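> The following comprises the amino acid sequence and a computationally predicted model.
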Amino acid sequence: MTSMPDPWAQVWQTLRLFAVDPVGLGGLVLRARAGPARDMFVAAMPDLGLPKQRLHRSLSDAELFASMDFAATLSCGRPVYRPGLLTKPSAYHLSMAERCPAELAAKLAAQLDAGQSCLVAFDEGADPDETLPLALSDRVAFRIDLTDLRITEPRDLGTDKLMAARAALPMVQTSAEDISTLVQLSTRLGIDSLRAPYFALRAARCNAALNGRLSLSIEDLEIAAMLVLSHRATCLPTSEPEPEEQAAEPPEPSTNNKGMPDQDVLVEAVRMALPDGILPSALAQRTTATGTGAGDSRIARQRGRPIAPRRRRPDGRSRVDLIATLRMAAPWQKLRRATQGRISVLPSDICLKRFETQTERLLIFLVDASGSAARARLNEAKGAVEHLLARAYSHRDHVALIGFRNSSADILLPPNRSLVLAKRRLAALPGGGATPLADGLHCAGLMAGSALKRGMTPTVILLTDGRANVALDGQRDRNKAAEDAELTADWLRASKVRSVVLDTAIRPQKPLQNLAQRLGADHIALPRSSAAGMTQAIETAVNT
Amino acid sequence: MTHAFPFSAIVGQDQMKLAMILTAIDPKLGGVLVFGDRGTGKSTAVRALAALLPPISAVEGCPVQSATRAACPDWVELPENAEIHEYPTPVVDLPLGATEDRVTGALDIERALVNGEKAFQPGLLAQANRGYLYIDEVNLLEDHLVDLLLDVAQTGENVVEREGLSIRHPARFVLVGSGNPEEGELRPQLLDRFGLSVEVRSPDDIDQRVEVVQRRDAFEMQPDKFLKKWHREDTRVRGAILTARDILPDIKVRKRELRDCAELCIALGSDGLRGELTLLRACRALAAYEGAASVTRRHIRRIAPIALAHRLRRDPMDEAGSVSRVRRALDEVLA
């Protein structure tokens, strides 16, 4: 069992373990596009002892939790409730799990925590950073990737054997060493969550039960490590323990003589389960912790994802939600003494449909390329912008680039999604000349305005050292320039454009802080910030 | 009904446990916010707290658990011979998907249909009166519900004006919120309402991690044996909470400690005076829990991080985080 050349063997093994203790193991994530391999997998899914319940991402609360069945209510004259999809313990099958919104994930997570249900999530993500929310993937033990697998003959998992294992499961004993081995292993693999070693322990126990053992053997631990821990690993320990690790746990070899050699075997097992020793999922998960590239959610009248209807007077632009209106009127029929076969609906019952759409984000980089800025740290500013561009790219943001120097601002790159183009234009931006800050802000404001009209959420990221010396009309007048810049800032703020100010001056400038305040923006001093800190600050500014 | 994991069996996470115990001693502290990584025992602790808390005495059949008949809201129709019984402290879960009707209470449709009468069906806020209201993933809660909760938490009263009903009832509860900051930030308005906030992390120590998994495993495999083992410890904590409640009014706060609190809040630049008030209250509760006669600097040192860290202006460049800022200020002020 140590060598696992056949990935399908792993898949069947996972399914067997899962079938023995579906609730205890939480469930599995199946990463595969729709296709014959996935169909075969679904067909081979053993009986989990729970009713199957299909879910999809746009289910409303009324469908998930108990809600009133208005047709039955009307005919009976008393409230009739329809059980929600989540009300009874089941094996949830969540399709298109990579698009599962955080709210649904939280509700499902609460359901899984109740300890009576399990989840099979179908992750159809194409890119590595398109995965289901961490709140869910952390709560299920397994992850199966069918992406590069060719279809084979389905294997019979042996129902009788599974049933016998399920019955034998409570008898399997675990020792303190087993637990400590798994915990240490998961720490060495850089796994933070304590659910990981716990799931590994349960999986090992299932494997022991399947093989008719009453205590865990090294083989059980190996299989558990391979199937539960390998896809969560964020780092692979080298064969020789690192020096600081040795220093950290000197008493380990003496107290845990049996444990240590195990560990290397287990690490080997994990390594084998990973294709070419890379950690694809783990790394992707780390980077997608925040933000999804979508802009604001906003309530729309006509299109988008339906959300709960609200009782409002019709305004001619929204659509009336007939069903919700009837549901609202239903309980009152007897009181209103409606005649048989007619429904009495009052204006106060009318519900309007509401939809939620997500807007796209546009990051407008407004870069000061004047002489003072160039002398200060134009190159560092460019580096910072590049860093942000990479980030914007991974979040599917639109980016635009405006540079300002001498007498005016130029649009170097109109809003688009090309990272390469933005990088090239940025590198070609020469430095030197005066600082027409007001014109730069004006230019960014116009661009942001047109983006708002197209339904995007623009954010202006201003990189400057703040010494404005060219006024809007092109005059070289320091005071007038500062005044113009502040007025433009007020205008930007009034048009509800969000912004961030990155101060590139060697010492943070008071005038720029004032400007940031007028923009309603965060003021971030670049010299004192690390790349990561800066990115995070911008993320917060963009996301709030 | 499955049993909750025993409170005292939770490994480590001392700050979180302390914060919860303090709210049990003085419910007016204003709630606990637990923010942290996945799989660190946030939800476990809240559910364990329910089992730990001492029972309350309430009028039988009263939807808001009133202590006496006179305290019942006037819309409640009690049977003539309603007696006062002991009930477990309510710990009510507010699911993210809850509708506004479900939270505030609404017209009792069944009675409206069957009897044609206007009656009020109490919601989760009524159930949580004199107890705890727990919101998991509080940062994902819908905005209109957050506003509603804020309003009720501040006034201690739930006012329902809808569907021709005009009802009010007491809703004094301790708000416990938990969440994962990676999934979304909490609005500062709501943040400030929580008396105490705790950040939890997965333990770094191998032995501790082993212990966590071991205990969890023991609990899942043999719940009865495990509960029995930890029953004594849980009883001790409950006893300590009850004693602390009794002596809480007698805890003295000297001028010097009051000054320390004020100086600390000034040094940290926390907004408003809520910080000082909570800090003081929590210190007093801690002193009572420890059986001390008065609040000392040691109490302030222990409480300040959980009472103040979430009230600071956010500084995105400060990698160290708010808790270490509080620690630094503590070292300066209490030097």
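Ah, there it is.
> distance between stretch B:96-106 and the chain's centre?
Relative to the chain's own centre, stretch B:96-106 is displaced by 20 Å; criterion: Cα atoms, centre = their mean, to the nearest Å.
> Quote the end-to-end distance of it.
Stretch B:96-106 has its terminal residues 18 Å apart, counting by Cα to Cα, to the nearest Å.
> Equivalent analysis for stretch A:42-50, please.
The first and final residues of stretch A:42-50 sit 15 Å from each other (Cα to Cα).
> what is the rounded mean pLDDT of it?
Averaging the model's pLDDT scores along stretch A:42-50 yields 81.
> cool, stretch A:454-466 as well?
In this model, stretch A:454-466 carries a mean pLDDT of 81.
> Ok, stretch A:168-175 next?
For stretch A:168-175, the mean pLDDT works out to 83.
> domain ranges for chain B?
Domain segmentation of chain B under automatic domain parsing yields B:7-200, B:249-333.
> In a markdown table, list the ones you listed along with mean pLDDT.
Listed next are the domains of chain B as a markdown table, based on pLDDT from 0 to 100:
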| stretch | mean pLDDT |
| --- | --- |
| domain B:7-200 | 79 |
| domain B:249-333 | 81 |
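> Next, the contact list for the nearest residue to B:Pro55 once chain neighbours are set aside, please.
When the adjacent residues along the chain are set aside, B:Pro55 lies closest to B:Glu86, with 4.3 Å between them (Cβ to Cβ, 6 or more residues apart in numbering or on different chains). C-beta coordinates here come from the backbone N, C-alpha and C atoms, glycine included. If a contact means Cβ atoms under 8 Å, 6 or more residues apart in numbering or on different chains, then B:Glu86 has B:Pro55, B:Ile56, B:Ser57 as its contacts.
> List the ones among the residues you listed that fall in strands.
Residues of these located in strands (DSSP state E): B:Ile56, B:Ser57.
> Compare the contacts of B:Glu86 and tell me which is most surrounded.
Scoring the contacts of B:Glu86 on neighbours with other Cβ atoms under 10 Å in any protein chain shown, the highest-scoring entry is B:Ile56 at 15 neighbours.
> That one contacts B:Ile84, doesn't it?
No - in this structure, B:Ile56 sits apart from B:Ile84 without contact. The criterion is Cβ atoms under 8 Å, and the distance is 10.3 Å.
> and for those two, which residues touch both?
Contact with both B:Ile56 and B:Ile84 is made by residues B:Ala67, according to Cβ under 8 Å, 6+ apart.
> Any idea how many residues pack against residue 108?
Defaulting to chain A. For A:Leu108, the tally of surrounding residues (other Cβ under 10 Å) stands at 26.
> I was thinking of chain B, sorry if that wasn't clear
By other Cβ under 10 Å, 19 other residues sit near B:Asp108.
> Quick one: residues contacting it.
B:Asp108 makes contact with B:Ala119, B:Phe120, B:Gln121 under the criterion Cβ under 8 Å, 6+ apart.
> Out of the contacts of B:Glu86, which comes closest to B:Cys261?
Taking Cβ to Cβ as the measure, B:Cys261 sits nearest to B:Ile56 out of the contacts of B:Glu86, at 31.0 Å.
> beta partners of that closest one?
Judged by DSSP bridges, the bridge partners of B:Ile56 are B:Tyr87.
> State the distance from it to chain A.
25 Å (Cβ to the nearest Cβ, to the nearest Å).
> CA atoms of the lengthiest strand in chain A as PDB?
In terms of residue count, the longest strand belonging to chain A (DSSP E) is strand A:351-368. Output in PDB follows, covering the C-alpha atoms of strand A:351-368 (Å, rounded to 0.1, in the frame of the first residue of the first chain):
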ATOM      1  CA  CYS A 351     -43.800  42.600  -2.400                       C
ATOM      2  CA  LEU A 352     -41.200  43.700  -4.900                       C
ATOM      3  CA  LYS A 353     -38.500  41.600  -6.300                       C
ATOM      4  CA  ARG A 354     -34.900  42.500  -5.400                       C
ATOM      5  CA  PHE A 355     -31.800  41.300  -7.000                       C
ATOM      6  CA  GLU A 356     -28.200  41.500  -6.100                       C
ATOM      7  CA  THR A 357     -25.500  42.000  -8.600                       C
ATOM      8  CA  GLN A 358     -21.800  42.300  -8.100                       C
ATOM      9  CA  THR A 359     -19.900  45.100  -9.800                       C
ATOM     10  CA  GLU A 360     -16.500  44.800 -11.200                       C
ATOM     11  CA  ARG A 361     -13.600  46.600  -9.600                       C
ATOM     12  CA  LEU A 362     -11.400  49.100 -11.300                       C
ATOM     13  CA  LEU A 363      -8.100  50.200  -9.700                       C
ATOM     14  CA  ILE A 364      -6.800  53.500 -11.100                       C
ATOM     15  CA  PHE A 365      -3.100  54.000 -10.400                       C
ATOM     16  CA  LEU A 366      -2.300  57.600 -10.400                       C
ATOM     17  CA  VAL A 367       1.500  57.900 -10.400                       C
ATOM     18  CA  ASP A 368       3.500  61.000  -9.800                       C
END
